[in-house]
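*Asks:* following is a predicted model, sequence given first.
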Amino acid sequence: MRILPLAALALCLGCASPVFGQSEVSDPDRPDVTNGTHIVAPGLVQVELGALYSRDAPNQGTANSPFTVRIGVTDWFEARVGADGVLTQTTGDSRTTEFGNVQLGAKLRLWSNPGGVPVLSILPTINLPTANTSDALVSGDIDYIVALLTGTDIGSRGHIDVNYGIGAIGAGHGLPHFSQHLLSASLSAAVTDRWNPYAEVFWFSRTDPDGAAETSFDTGVIYELGLHYALDGGVQIGIGGPAANFALFAGVSVVFGADRSLNGRQRKISAPKGTTHAAPPSSKAPAARAASEASLTPNRR
């Protein structure tokens, strides 16, 4: 099991100190599968950590600790690095544990309203096979994914994000890559300047070369814990095909950096009209959620 990437991240978090009173959590791309169009502002580093457990079958469960580091480079470009974290799969009385794959990507703004949040962004990602391939948790192949992201406000409190993704996913064992499609939509509401519940439906064309399409529903909430931290949690249920039966997830997002203006209105937690404080947002869930930012394939995140 490779633990160096996780140890390095823990070291970075332990050494870094947020600049209080100068920056705000900027639209996390967790906990749901759907990613928002928002790009982290230049000079900011946003770290998003999560934990999830999914019941894949009556005698099989999977747990992992995905994380993503988002780095604002320019007003239109955000660099990203992430990983599956520690993966543990239990089948009956057997258990397999290892550190998962690493993902490299970028979010680029393609179109935005003047002075406002991006209306259309693109998210290309490469999933690197850094995990041990001696078990069935990973394929050992590189995955190539690209997703188009869009969204719009609904009235003064609501927001919807929609994603379409396509990927060339490694099948392992020397087999050719197979194509995979993702469609997802996440609807959120800024109930207060701190609480932001959401509901989401997402569909994968397949997660295995010979697999069938699967659909899942998840719902959760994001809570702003100060200007620099956002907490999230929720539940996912499979509603079609071989999707995971049930999953639980939770996480935290933290922003580091000097005083910068955010690139447009925050997606998930934007304060309702009449308030003076804008809260943070969120987006991303299990099985597929560990994978949503990096690989389209659910259990490979």
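*Replies:* Received it, and whenever you're ready, just let me know what you need. The structure presented is a predicted model; accordingly, all values stated were derived computationally and were not measured.
*Asks:* bridged to G167, which residues?
*Replies:* I145, Q180 (DSSP bridges).
*Asks:* wait, it touches F178, no?
*Replies:* No. Counting by CB atoms under 8 Å, G167 does not reach F178; the two are 9.1 Å apart. Backbone N, C-alpha and C define where each C-beta goes, glycine included.
*Asks:* the two: which has the busier surroundings?
*Replies:* A side-by-side neighbour count of G167 and F178, using other CB atoms under 10 Å, places G167 first with 25 against 18.
*Asks:* how far away is the more buried one from R30?
*Replies:* 19 Å (CB to CB, to the nearest Å).
*Asks:* so what's the residue nearest to G158 when sequence neighbours are not counted up against?
*Replies:* Sequence neighbours aside, A189 is the residue nearest to G158 in space, at 5.1 Å (criterion: CB to CB, 6 or more residues apart in numbering). Applying CB atoms under 8 Å, 6 or more residues apart in numbering to A189 gives the contacts 157-159, 196-198.
*Asks:* give me the pLDDT value at A189.
*Replies:* Note on A189: pLDDT of 95.
*Asks:* same question, T91
*Replies:* At T91, pLDDT is 88.
*Asks:* what mean pLDDT does stretch 152-172 get?
*Replies:* 94.
*Asks:* got the contacts of A189 as TSV, with secondary structure, distance to G211 and neighbour count columns?
*Replies:* Formatted as TSV, those follow (DSSP: H, G, I helix; E, B strand; the rest coil; distance: CB to CB, whole Å; neighbours: other CB atoms under 10 Å):
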residue	secondary structure	distance to G211	neighbour count
R157	coil	38	16
G158	strand	34	13
H159	strand	32	25
N196	strand	33	28
P197	strand	31	16
Y198	strand	27	26
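*Asks:* tell me the one among these nearest to A230.
*Replies:* Taking CB to CB as the measure, A230 lies nearest N196 of the contacts of A189, at 8.8 Å.
*Asks:* I222 is in what secondary structure piece?
*Replies:* strand 214-224 (DSSP states H and E).
*Asks:* can you show me the strands along the stretch 1-150 of the chain?
*Replies:* Ranges of strands within the stretch 1-150 of the chain are 44-57, 60-64, 67-74, 77-83, 86-91, 94-99, 102-112, 118-128, 143-154, based on DSSP state E, counting those that start in this stretch.
*Asks:* give me phi/psi at the residue lying closest to V138 once chain neighbours are set aside?
*Replies:* Nearest non-adjacent residue to V138, counting by CB to CB, 6+ apart: A131, 4.3 Å away. Here is the backbone geometry of A131 (degrees, to the nearest 10): phi -80, psi 160.
*Asks:* in terms of pLDDT, where does A131 sit?
*Replies:* Looking at A131, the pLDDT reads 76.
*Asks:* what's the answer for S261, then?
*Replies:* S261 is given a pLDDT of 35.
*Asks:* and S94, by the same measure?
*Replies:* 89.
*Asks:* and what of the one 10 residues further on?
*Replies:* Listed pLDDT for L104 reads 98.
*Asks:* hang on, isn't it packed against I71?
*Replies:* No. Assessed by CB under 8 Å, L104 is found out of contact with I71, at 11.7 Å.
*Asks:* got any residues that touch both of those two?
*Replies:* The contact lists of L104 and I71 share R80, where a contact means CB under 8 Å, 6+ apart.
*Asks:* ok, these two, which is more surrounded?
*Replies:* Taking other CB under 10 Å, L104 and I71 do not tie; I71 has more neighbours (18 against 14).
*Asks:* tell me what the nearest residue to the more buried one once chain neighbours are set aside is bridged to.
*Replies:* Once flanking residues are discounted, I71 sits nearest to A79: 4.5 Å by CB to CB, 6+ apart. Listed by DSSP bridges, the beta-bridge partners for A79 are I71, A106.
*Asks:* report the buried residues of the strand holding I222.
*Replies:* Going by neighbour count (16 or more other CB atoms under 10 Å), the buried part of strand 214-224 is 214, 216-224.
*Asks:* count the residues that sit near I160.
*Replies:* Around I160 there are 17 residues (other CB under 10 Å).
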